[in-house]
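Asker: build me a structure from this.
(2 chains)
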Amino acid sequence: MEQKLLPDGMATAISVHDLEKRYQDLIAVKDVSFEVEEGEIFGILGPNGAGKTTTVECLQGLRSIDGGDVSVLGLDPRRDALKLRQLIGSQLQESALPDRVRVWEALDLFASLKQGGSSWEHLLKSWGLGEKRDSKFSELSGGQRQRLFVALSLVNNPQLVFLDEMTTGLDPSSRRTAWDLIRRIRDQGTTVVLVTHFMDEAETLCDRLVLFNGGTIVAEGTPESLIDRHAGQVRVRFTGPPSGLEWLSDVPHVAGVIQDGTRYEVSGDGPVLAHVGAALVSRGLEPPDLRVERATLEDVFLLLTSNSETPR
Amino acid sequence: MRTLAKMTWLELKLFLREPLTVLFAFALPFTILFVMGGVFGNESDPDVYRNVGAMDYYIPAYIALVVASVGLISLPTHLATNRELGVLKRYRASGLPTTIVATSQIIVTLVIGAVSAVLLVLVGIPVHDVVAANSVPMVLLGFFVSGLVFASLGVLLGAVLPSSRAAQALGVMLWFVMLMIGGAGPPPEVLTGTLGTIGEWTPLRHTIEIMQDGWLDLDPGNSWLIAIATVLLASLLAVRFFRWE
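Answerer: Numbers count the residues shown, from 1 in each chain, chains lettered A, B, ... in the order given. The predicted structure follows:
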């Protein structure tokens, strides 16, 4: 399939149409369609068993497809799997190395798969494995293994990299470092497909994302647009007098007021905070704890996947 | 080619880092050599050992036995472990072809087998006054074919067995059974009836006979043919049933 050029000159790195995958009678993925543009960080989110890993494994030609069309970097993963794997990097969710292989030996082996070879010393440093160069795989901590797998996925300088649960097992500071590195990879022109169930990670990193539930896509867009669309309500909280604030519900953009003794929670859309604040001040009330809570991607996630039975 | 070289070198290092495989490949054959040599000496007896000295009989047989231990025990266990842990999936996702995974295993079997065989010969000949090889080229050819027999059987076992435990258990059992009835333990002449018949059908018996063809100029019968057929059949089945995960 020819690479389709998008209007702004960006090419499609991945296009998926009506992907379907069954395991015997269980439908793992159905009616899945999306496109990933070159040079973006594309998130695939969803609860366990929603079909995220199955989908990316189909994209890499690691699993057969029962229906639909898939094109990755202009190649068909079913027919051109070996050629495709030269161009992509992959950090699998469940994989390992032999216990007794050393960190540098693994990098050296995987680098040799790239035609013309590839250097790997810089990856040791940027992924914080410099001191573990000669350590055996079995001696690495969970986080170190995870970083090694990400480094291995990048060792062939891929055009497109799949990262499946990349930061599982990393401590908070390693996660931040990993995020910075992923942004840097994107800025160098590599397309990143990020499978994750960490909402903060998706919200900070992803340019666009799809949310899976029960084997199909239930939402798609930028993190901001998803929040606006599905959990656009803003909640304003403050402490006030126990009575006499009935007028609150008439303030513009206010949708509802919940009172619990002296604690108030006002929900509404868009500029509700400014209006509530102005109305309070104009009536001589200056609550010191007036604050606003915007919905996060996590609220969207919980809202859209609340009906999920998590099989598997 | 570069990847195959790196993979093979890495697999050789991994082999030597695994105590169990090292034990089977290097320590066990010597133990057997010294025990059997101590018991039977090297006098020829027209009734047993194909009418040659016991140790003349056993040295080429032990070379086949060493390759068998690498091919039947170490190789399948290693492959099955790698599949169980997801190492093979990791390889596959990175575009490492099956041919490299399998070929590196075959080369490792030949190299480890060769080192162990050379040590056996270097120790066995002076200690037990074993006769020198009749035809060195034929011995080398026999070693190569024996290596292929057990490497292809090993890849097949590693390809089809579900777990490392299953591979190790079955590998050790097959190796031990072949050792006992295939002609590397009791002389074939004392094995009669069903055991003797089964023994004649073991791959070890045929590799022993092709080794003894080169070393002692003893009639190999159909063994060359059967050995080569075994290689082809096992390779075909291994390719057909190989699973990455």
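Asker: next up, phi/psi of residue B:44, please.
Answerer: Backbone torsions for residue B:44, taken as degrees, to the nearest 10, come to phi -80, psi 150.
Asker: which residues touch it?
Answerer: When the contact criterion is CB atoms under 8 Å, 6 or more residues apart in numbering or on different chains, the partners of residue B:44 are B:51-54, B:56. C-betas here are computed from N, CA, C, even on glycine.
Asker: tell me the spacing between it and residue A:21.
Answerer: 67 Å (CB to CB, to the nearest Å).
Asker: what of residue A:184?
Answerer: 33 Å.
Asker: of those two, which one has the most company?
Answerer: With neighbours defined as other CB atoms under 10 Å in any protein chain shown, residue A:184 and residue A:21 compare such that residue A:21 has more, 22 against 11.
Asker: quick one on the thing from earlier: with pLDDT added, can I get the contacts of residue B:44 in a markdown table?
Answerer: Below are these laid out as a markdown table (pLDDT from 0 to 100):
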| residue | pLDDT |
| --- | --- |
| B:51 | 82 |
| B:52 | 88 |
| B:53 | 87 |
| B:54 | 87 |
| B:56 | 90 |
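Asker: quick check: residues of chain B near chain A?
Answerer: B:2-3, B:6-7, B:10, B:13-14, B:17-18, B:81-82, B:85-87, B:89-90, B:92-97 (CB under 8 Å from any CB of the partner chain).
Asker: give the contact list for the closest residue to residue B:57 other than its chain neighbours.
Answerer: If the residues on either side of it in the chain are set aside, residue B:57 comes closest to residue B:49, at 4.1 Å by CB to CB, 6 or more residues apart in numbering or on different chains. By CB under 8 Å, 6+ apart, residue B:49 lies in contact with B:56-57, B:187, B:189.
Asker: just how off-centre is stretch B:58-68 within its chain?
Answerer: Distance of stretch B:58-68 from its chain centroid, counting by CA atoms, centre = their mean, to the nearest Å, is 7 Å.
Asker: for that stretch, C-alpha coordinates in CSV please.
Answerer: Only the C-alpha atoms of stretch B:58-68 are listed here, as CSV (Å, rounded to 0.1, in the frame of the first residue of the first chain):
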residue,chain,number,x,y,z
TYR,B,58,34.6,-46.9,23.4
ILE,B,59,36.7,-43.9,22.4
PRO,B,60,34.9,-43.3,19.1
ALA,B,61,31.6,-44.3,20.8
TYR,B,62,32.2,-41.7,23.5
ILE,B,63,32.7,-39.0,20.9
ALA,B,64,29.2,-39.7,19.6
LEU,B,65,28.0,-39.8,23.2
VAL,B,66,29.4,-36.3,23.9
VAL,B,67,27.7,-34.8,20.9
ALA,B,68,24.5,-36.6,22.0
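Asker: looking at chain B, what residue ends up closest to chain A?
Answerer: Taking CB to the nearest CB, chain A has its nearest neighbour within chain B at residue B:95, 3.2 Å off.
Asker: where do the helices of the chain begin and end?
Answerer: By default, I'm working from chain A. A:52-59, A:81-87, A:103-111, A:121-126, A:142-154, A:172-187, A:199-205, A:223-231, A:272-282, A:297-305 (DSSP state H).
Asker: my question was about chain B
Answerer: B:2-16, B:19-22, B:28-40, B:54-69, B:75-85, B:87-93, B:98-128, B:136-160, B:164-181, B:193-200, B:203-216, B:223-241.
Asker: so the fifth one versus helix B:136-160, what angle?
Answerer: I take that to be helix B:75-85. Here helix B:75-85 runs at an angle of 30 degrees relative to helix B:136-160 (axes from the mean of the first three to the mean of the last three CA atoms, to 10 degrees).
Asker: which residues of chain A lie near chain B?
Answerer: Counting by CB under 8 Å from any CB, chain A sits next to chain B at A:60, A:62, A:82, A:85-86, A:90, A:92, A:94-98, A:100-101, A:105, A:108-110, A:112-113, A:117, A:152, A:156.
Asker: in PyMOL, how would I select just the buried ones from those?
Answerer: Entered in PyMOL, the line below selects the buried ones among those, by 16 or more other CB atoms under 10 Å in any protein chain shown:
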select buried, chain A and resi 60+62+85+90+92+95+96+97+98+100+101+105+108+109+110+112+113+152+156
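Asker: how about the stretch 151-300 of chain A: which residue is closest to chain B?
Answerer: For the stretch 151-300 of chain A, CB to the nearest CB, closest residue to chain B: residue A:152, 7.2 Å.
Asker: per-residue confidence at that residue?
Answerer: Predicted confidence (pLDDT) for residue A:152: 93.
Asker: pLDDT score for residue B:63?
Answerer: At residue B:63, pLDDT is 94.
Asker: show me chain A divided up by domain.
Answerer: The record's domain parsing of chain A by automatic domain parsing lists A:12-228, A:233-294.
Asker: now do the same contact list for residue A:266.
Answerer: A:235-237, A:248, A:251, A:254, A:256-258, A:272, A:276.
Asker: low-confidence ranges in chain A?
Answerer: For chain A, the stretches flagged by pLDDT under 70 are A:1-10, A:307-312.
Asker: skipping its backbone neighbours, what lies nearest the residue of the stretch 151-300 of chain A closest to chain B in space?
Answerer: That would be residue A:110: by CB to CB, 6+ apart, it lies 5.1 Å from residue A:152.
Asker: same deal with residue B:174?
Answerer: residue B:72 (5.2 Å).
Asker: before we move on, the earlier item: contacts only, for the nearest residue to the residue of chain B closest to chain A once chain neighbours are set aside.
Answerer: Counting by CB to CB, 6+ apart, residue B:95 lies nearest to residue A:85, which is 3.2 Å off, once chain neighbours are set aside. By CB under 8 Å, 6+ apart, the residues touching residue A:85 are A:60-61, B:93-95.
Asker: residue A:46 now?
Answerer: Residue A:46 touches A:52, A:197, A:211-213, A:305, counting by CB under 8 Å, 6+ apart.
Asker: find the closest residue to chain B in chain A.
Answerer: Residue nearest to chain B within chain A: residue A:85 (3.2 Å; CB to the nearest CB).
Asker: please report how far that residue lies from residue A:214.
Answerer: Distance from residue A:85 to residue A:214, by CB to CB: 30 Å.
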